[in-house]
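>>> Build the 3D model from these lines:
(chains A and B)
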Amino acid sequence: MPKQAKFHGGIHPPEAKVTGAFEIQTAPLLETYVVPLQQHIGAPCNVLVKKKDTVRRGQLIAEPGGFVSAGIHAPTSGTISAVTTCTGPAGASVPAVELTSDGDDTPDDTLTPMDDWQNSAPDDLKKRIADAGIVGMGGAAFPTHVKLSPPPAKPIDLLVINGVECEPCLTADHRLMLEDPDKVLTGTQIIARILGCKKVIIGIENNKPDAIELMQTKAEKLEMEVAPLKVRYPQGAEKQLIYAVSGRRVPTGGLPMDVGAVVQNVGTAAAVAEAVLDGKPLYERITTITGTPVVKPGNWRLRVGTPLEAALTLAKGVHNDPAKIIFGGPMMGLAVYSLDVPIIKSTSGILLLNSDETSEFTSGPCIGCGQCVDVCPMNIMPGTLSVQIENERFDLAEAWHAMDCIECGCCAYMCPTYRPLVHHLKRAKAEIVARRKAEQNK
Amino acid sequence: MAEETVKLPNPSSLVVSSSPHIHQPQNARRVMLTVVLALLPACVAGVYFFGWPALRVILVTSIACIAFEAFFCKLFKRPNAIGDFSALLTGILLGMNLSAATPWWVCVIGALLAIGLGKQLYGGLGYNIFNPALVGRVGLLIAFPKLMTTWVTPTPGNFLPDAVTTATPLDLASQGTINADYFNYFVGNMGGCIGETSAAALLLGGVVLVYFGYIRWQVPTAYITTLALITWGVHLANPATTPTPLFHILTGGLMIGAIFMATDMVTSPMTKLGAVVFGIGCGVVTCVIRVWGNYPEGVSFAILFMNALVPLINRYTATRPFGLATRNREANA
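As a prediction, the model looks like this:
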């Protein structure tokens, strides 16, 4: 057993994983997809197609705009009907292309299967991951090839595969591990080969005993460890997960590679396997569609660019009008206001909440109870920070470690006066980053 | 197409806000109400020992506190805050910190001091520096020293007692008479404030609050331990003329102070370490007043004194972020 540790704080909200036993269904082809051209953290893409161009499934339609970037591929074959903009999950308008399907779903053959991956050079494998446009599929959407390119001064000796899925309601990773464990493990082997890393730990929370058992039997043969973890949110956060499975502490302001670790989501590992073994770029993903108002909750294999409206139609619509539609889970997901928002590479779930399930909006003053401090997995003081931020004292907020916040939402979940602590901290972080930039440019 | 039969959400009814989108089923109102319920055993004990006059005092302070809360909210053009039950809690705590013989108009003045001076002038719930109920009590103590130190003899089970004045065990001790009547002190059969006498009932309430996580157990534990250690040392040095640690713990306002007043969320530190520092400070100041001061009771002043230090304690006991200590790569496990 790997050395396990309990990270500070954390909460245990109702898991509400109602779709855990539902098999992944594949969505039928749509007539139209709206594919945003910025689906990752990093440089925006340069569009390669224009109106009336015909494309094939998997064809590169936007190339990476830099090293920290990931290309976008066509979700099906058809004609570009417009180069336009759309509302992204974050609420802002982003450049997008509208693709009208020809119904044939003809594949593109630019990327060929790398059958002999065991003997391929790590750099070739890394290039394949970049060419396939793979990003972190747990939600952050950071380009995967960048994470797999640590500087030589930071050797990696621990690969952590994240099958924790600590967000309530979501079951996409759970189903993936159950239905396609070999793909996940092959992807893991490929990533380990690229990193030159022998030690692999797969972290899974113990509310998924079936996934733990299955992965354990299969991982044993490949000399990988499965770490069953006691359910606690946010166990799937990178720094917390590394600490939980290995006891290593990522330094404040640092990255996992500073402690010789890399974390990859199980979905990312599966996408890596598909890119290498099948030459398939990342144009579809598994998404949980769930929530009380949803008529038929389930896990769906959706293509990138599927409009929310079409995704909800697959789930047979709603019983009643929800108060919120969230891209992601209830703790860290993004609330959207339009049914035109498309599914992107990092959309792990679509969650609908009724007004009685979602939090109140009137907030009170901080009463100093300290519950936010007790549950903060980064061990900072969200209550104190929120008062400083309300007073626009961003200098104080920086000194009180606002930049360490991982926006997990534990503090706001607990706050007895419903203070929007995450909102405050997001604002402070943006403000502090802007100030640091201004300082540099002086 | 089958879409005809599918009802889709109405986008115009969607709410957009920052994550998280769910919240635990708890709010400030429920916290306050639980504290009120946790105080009930001690209230019942007070009424049992001091009769209906005790109930009258608690009712007057509670109603007056709620009324002043509503009045000041209106005066300062703030939303009416009586619904959060914090004023009710202050009223009950204030009443429990008075003698059963307190005249009604003194109770009303106490409520005015507690809510007006102690809370609303600072900006209302969350902004006050000092525990409002203690501000009320200490204000009265300074304004009416004679009235506030007139205690009635407990009459267990007699709800219509003739008010016979008595002295508290701490009064007697400061005059040199130490009665080691621990059992009566534990259940509350002694002279004193309505709510402070029954250590048993207060402990019961404290256990409830610790169970729900509404108070930090570190505060009463550090407070009582510190007081016990110091008074033990004093007692060892001078066994004939000084009371034992147990005497100090069971008499006076120590129990209600340590469990219900020092643990007030607003006026106590935010971190666990801060709670320990705060509790130790309360214990030291209480001992200094009780042992070396010429005032027999020291809990109220000790807590108010430490309340003033809370911002400082918060600053020096701030938590260290995860990963702050480790700048270099740790050795492999």
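>>> Could you use CA atoms for every contact and neighbour count after this?
Noted.
>>> Wait, B:V210 touches B:P220, no?
No - using Cα atoms under 8 Å, B:V210 makes no contact with B:P220, being 10.4 Å away.
>>> Same drill for these two, tell me which one is more crowded.
Each of B:V210 and B:P220 has its neighbours counted (other Cα atoms under 10 Å in any protein chain shown); B:P220 has more, 29 against 14.
>>> Mind listing what's buried along the host helix or strand of that one?
Secondary structure from DSSP states H and E places B:P220 in helix B:218-237. If you call a residue buried by 16 or more other Cα atoms under 10 Å in any protein chain shown, then helix B:218-237 has these buried ones: B:218-228, B:230-232, B:234-235.
>>> ok, and which of these reach chain A?
Contacts with chain A within the buried residues of helix B:218-237, counted by Cα under 8 Å from any Cα of the partner chain: none were found.
>>> among those, which two are most distant?
B:Q218 and B:H235 (25.1 Å; Cα to Cα).
>>> what does stretch A:46-53 rub up against?
A:37, A:60-65, A:79-83 (Cα atoms under 8 Å, 6 or more residues apart in numbering or on different chains).
>>> Centre-most residue in the chain?
Chain wasn't specified; assuming chain A. Centroid-nearest residue in chain A: A:G139, 1.5 Å away (criterion: Cα atoms, centre = their mean).
>>> I was after chain B.
B:M261 (1.6 Å).
>>> That one contacts B:F130, correct?
No - B:M261 is beyond contact range of B:F130, at 10.2 Å (criterion: Cα under 8 Å).
>>> before we move on, what SS does the residue nearest to A:Q25 when sequence neighbours are not counted have?
Take A:Q25 and drop its neighbours on the chain: the residue closest to it by Cα to Cα, 6 or more residues apart in numbering or on different chains is A:W300, 4.8 Å away. Secondary structure of A:W300, reduced to three states by DSSP: H, G, I helix; E, B strand; the rest coil: strand.
>>> pretty sure A:W300 is touching A:T288, no?
Yes - between A:W300 and A:T288 there is a contact at 6.3 Å, judged by Cα under 8 Å.
>>> Looking at those two, which one has more neighbours?
Counted by other Cα under 10 Å, A:W300 and A:T288 do not tie: A:T288 has more neighbours, with 30 against 23.
>>> anything in whichever strand or helix holds the more buried one near chain B?
Element membership for A:T288 (DSSP H and E) is strand A:284-290. No - using Cα under 8 Å from any Cα, strand A:284-290 never reaches chain B; the gap is at least 13.5 Å.
>>> those strands in the stretch 1-150 of chain B, which residues are they?
Taking DSSP state E, counting those that start in this stretch, the stretch 1-150 of chain B contains no strands at all.
>>> returning to that earlier point: would you format the contacts of stretch A:46-53 as a markdown table with distance to A:K198 included?
Converted to a markdown table, these look like this (distance: Cα to Cα, whole Å):
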| residue | distance to A:K198 |
| --- | --- |
| A:L37 | 36 |
| A:L60 | 33 |
| A:I61 | 36 |
| A:A62 | 35 |
| A:E63 | 33 |
| A:P64 | 31 |
| A:G65 | 33 |
| A:T79 | 45 |
| A:I80 | 45 |
| A:S81 | 48 |
| A:A82 | 47 |
| A:V83 | 45 |
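>>> Among these, the buried ones, what's the PyMOL command?
The buried residues among the contacts of stretch A:46-53 can be selected in PyMOL (16+ other Cα under 10 Å) with this line:
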select buried, chain A and resi 37+60+61+62+63+64+79+80+81+82+83
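>>> Pull out whichever of the contacts of stretch A:46-53 are also neighbours of chain B.
Answer for the contacts of stretch A:46-53 near chain B: none qualify (Cα under 8 Å from any Cα).
>>> which one among the contacts of stretch A:46-53 gets closest to A:Y283?
A:Y283 lies nearest to A:L60 out of those, by Cα to Cα, at 10.2 Å.
>>> That closest one and chain B, how far apart?
In this view, A:L60 and chain B are 31 Å apart by Cα to the nearest Cα, to the nearest Å.
>>> Identify the residues contacting that residue.
By Cα under 8 Å, 6+ apart, the neighbours of A:L60 are A:48, A:71-74.
>>> Return the member of the residues you listed nearest to chain B.
A:A74 (24.9 Å; Cα to the nearest Cα).
>>> Now stretch A:348-358: buried residues?
A:348-354, A:357-358.
>>> As TSV, those with pLDDT and secondary structure would be great.
Formatted as TSV, those follow (pLDDT from 0 to 100; DSSP: H, G, I helix; E, B strand; the rest coil):
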residue	pLDDT	secondary structure
A:S348	95	coil
A:G349	96	strand
A:I350	97	strand
A:L351	97	strand
A:L352	96	strand
A:L353	95	strand
A:N354	94	coil
A:E357	90	coil
A:T358	88	coil
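>>> which SSE is B:Y211 in?
Per DSSP H and E: B:Y211 is located in helix B:199-212.
>>> Contacts for that helix next, please.
B:34-35, B:37-42, B:45, B:185-188, B:196, B:215-217, B:250, B:255-256, B:259-260.
>>> 6 Å - rerun?
B:38-39, B:41-42, B:186-187, B:215, B:259 (Cα atoms under 6 Å, 6 or more residues apart in numbering or on different chains).
>>> Then stretch A:337-344?
A:87-88, A:304-309, B:11, B:14.
>>> end-to-end on it?
Terminal residues of stretch A:337-344 are spaced 16 Å apart (Cα to Cα, to the nearest Å).
>>> gap between that stretch and the chain center?
Computed by Cα atoms, centre = their mean, to the nearest Å, the chain-centroid distance of stretch A:337-344 equals 17 Å.
>>> For the helix or strand that A:M177 is a member of, which helices and strands make contact with it?
Assigned by DSSP H and E, A:M177 falls within helix A:172-179. Helices and strands touching helix A:172-179, by 3 or more Cα pairs under 6 Å, 6 or more residues apart in numbering or on different chains; DSSP states H and E, are strand A:284-290.
>>> And the strand holding A:T288, what does it pack against?
If contacts are counted by 3+ Cα pairs under 6 Å, 6+ apart, strand A:284-290 sits against helix A:172-179, strand A:298-303, strand A:349-353.
>>> For chain A, give me the ranges with low pLDDT.
A:1-3, A:360-361 (pLDDT under 70).
>>> So it: which segments form each domain?
Structurally, chain A divides into domains by automatic domain parsing as follows: A:117-278, A:371-441.
>>> can you narrow the buried residues of stretch A:348-358 to ones near chain B?
A:T358 (Cα under 6 Å from any Cα of the partner chain).
>>> Tabulate the buried residues of stretch A:348-358 (JSON lines), appending distance to A:R436.
JSON lines is the format used below for these (distance: Cα to Cα, whole Å):
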{"residue": "A:S348", "distance to A:R436": "33"}
{"residue": "A:G349", "distance to A:R436": "34"}
{"residue": "A:I350", "distance to A:R436": "35"}
{"residue": "A:L351", "distance to A:R436": "36"}
{"residue": "A:L352", "distance to A:R436": "38"}
{"residue": "A:L353", "distance to A:R436": "38"}
{"residue": "A:N354", "distance to A:R436": "40"}
{"residue": "A:E357", "distance to A:R436": "39"}
{"residue": "A:T358", "distance to A:R436": "35"}
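>>> So which residues on the stretch 51-200 of chain B come close to chain A?
B:G126.
>>> For chain A, give me its nearest residue in the stretch 51-200 of chain B.
For the stretch 51-200 of chain B, Cα to the nearest Cα, closest residue to chain A: B:G126, 4.3 Å.
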